[in-house]
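Undergrad: Fold the following, please.
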Amino acid sequence: MELIKVQQSLCVKCGICIEICPPKILSMGENGPMASNPQECIACGHCVAVCPQSAIDIGGVSLYTLILIEIMELMESCMMRQTSL
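TA: Below is the predicted model of the structure:
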């Protein structure tokens, strides 16, 4: 199962997602970005966050969900620091 999917119909082929991908699994194909090794996707959400057309999907998770998960992790980290003081 592919974790990362690019909706080619929405993509404007700007290449920002390719530049920001930490594991460098995205490359520009004939129809736009494609994952050369989709199994190496770390689901960091960087490509989703920078896509100006919201053309990238990671496992059905939206950008808003990724942001919410990040916020919750930061809150948990802060709470753990508070209790250890």
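
Undergrad: What are the contacting residues of whichever helix in the chain runs longest?
TA: As assigned by DSSP state H, the longest helix anywhere in the chain is helix 63-84. Counting by C-beta atoms under 8 Å, 6 or more residues apart in numbering, helix 63-84 makes contact with 45, 48-49, 54, 58, all of which sit outside it. (Each C-beta comes from the backbone N, C-alpha and C, glycine too.)

Undergrad: which of those residues are buried?
TA: Buried members of those, counted by 16 or more other C-beta atoms under 10 Å: 45, 48, 58.

Undergrad: Looking at these, which are in strands?
TA: Among the buried ones among the contacts of helix 63-84, DSSP state E puts I58 in strands.

Undergrad: Out of the buried ones among the contacts of helix 63-84, which is nearest to I16?
TA: For the buried ones among the contacts of helix 63-84, the residue nearest I16 by C-beta to C-beta is V48; the value is 11.2 Å.

Undergrad: tell me the phi and psi of G32?
TA: Here is the backbone geometry of G32 (degrees, to the nearest 10): phi 130, psi -170.

Undergrad: what about it, distance to C11?
TA: For G32, the distance to C11 equals 4 Å [C-beta to C-beta, to the nearest Å].

Undergrad: shared neighbours of those two, anything?
TA: A55.

Undergrad: Can you tell me the SS state at S27?
TA: For S27, the secondary structure call by DSSP: H, G, I helix; E, B strand; the rest coil comes out as strand.

Undergrad: Tell me how many other residues surround it.
TA: 13 (other C-beta atoms under 10 Å).

Undergrad: pLDDT-wise, which helix or strand of the chain ranks last?
TA: Every helix and strand of the chain was ranked by mean pLDDT, DSSP states H and E. The lowest is helix 63-84, at a mean of 82.

Undergrad: Tell me how far that one lies from the chain's centre.
TA: Offset of helix 63-84 from its chain centre (C-alpha atoms, centre = their mean, to the nearest Å): 18 Å.
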